[in-house]
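Peer 1: A predicted structure for the sequence below; I have some questions about it.
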Amino acid sequence: QVQLVESGGGLVQAGGSLRLSCAASGRTISSYNMGWFRQAPGKEREFVAAISWSGGSTYYADSVKGRVTISRDNAKNTVYLQMNSLNPEDTAVYYCAASTFVHSVETASTLYDYWGQGTQVTVSS
């Protein structure tokens with residue numbers, strides 16, 4: 001069992017930056033692909049970014065490509081999401097997730113087995 005705890009969310013002005021962290025415990029995440037998802041009020045949860053277990057492959061949603069970078073430090077059992085040039089449309093609860101399906105980096109939330117509780121990101125205009 002893997003427990004995931006997100007941190008780093010908050011209120012930021014449009015154009016600003018935030019770095020989210022996802023700390024894992026219970027098991028090492030070095031054998032899991034990891035992903036970030038978000039859910040805005042009244043909307044379905046959507047994929048943001050994912051990274052392979054080795055860090056060698058990453059994938060981004062078109063809506064964040066070029067503004068967001070996912071990374072991981074397996075020694076610290078932590079995954080990061082650096083978000084730049086934030087805009088109000090990025091306002092959402094951001095979730096970290098771990099997937100035991102490591103054959104490819106996936107965007108479907110159904111392929112992720114463990115989830116954190118989420119951290120709120122609010123971008124003001």
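Peer 2: On my side now, so go ahead. What you see is a predicted model, and the numbers here were worked out from it, not measured in a lab.
Peer 1: Could you give the bridge partners of residue 50?
Peer 2: Beta-bridge pairing for residue 50 (DSSP bridges): residue 35, residue 59.
Peer 1: count of neighbours near it?
Peer 2: Residues lying near residue 50 (other Cβ atoms under 10 Å) number 25. For every residue, glycine as well, the C-beta is placed using N, CA and C.
Peer 1: ok, it - contacts?
Peer 2: 33-36, 58-59, 70, 99, 105-107 (Cβ atoms under 8 Å, 6 or more residues apart in numbering).
Peer 1: any idea which residue sits dead centre in the protein?
Peer 2: residue 36 (2.2 Å; Cα atoms, centre = their mean).
Peer 1: Which strands or helices does the helix or strand where residue 4 lies pack on?
Peer 2: According to DSSP states H and E, residue 4 maps onto strand 3-7. Secondary-structure packing of strand 3-7 (3 or more Cβ pairs under 8 Å, 6 or more residues apart in numbering; DSSP states H and E): strand 18-25, strand 92-99, strand 114-115.
Peer 1: Buried ones from the contacts of residue 50, can you make that a PyMOL selection?
Peer 2: Buried residues among the contacts of residue 50 (16 or more other Cβ atoms under 10 Å), as a PyMOL selection:
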select buried, resi 33+34+35+36+59+70+99+105+106+107
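Peer 1: coming back round to it: helices or strands up against the helix or strand following the strand holding residue 4?
Peer 2: Next helix or strand after strand 3-7 toward the C-terminus (DSSP H and E): strand 10-13. With contacts taken as 3+ Cβ pairs under 8 Å, 6+ apart, strand 10-13 sits against strand 119-124.
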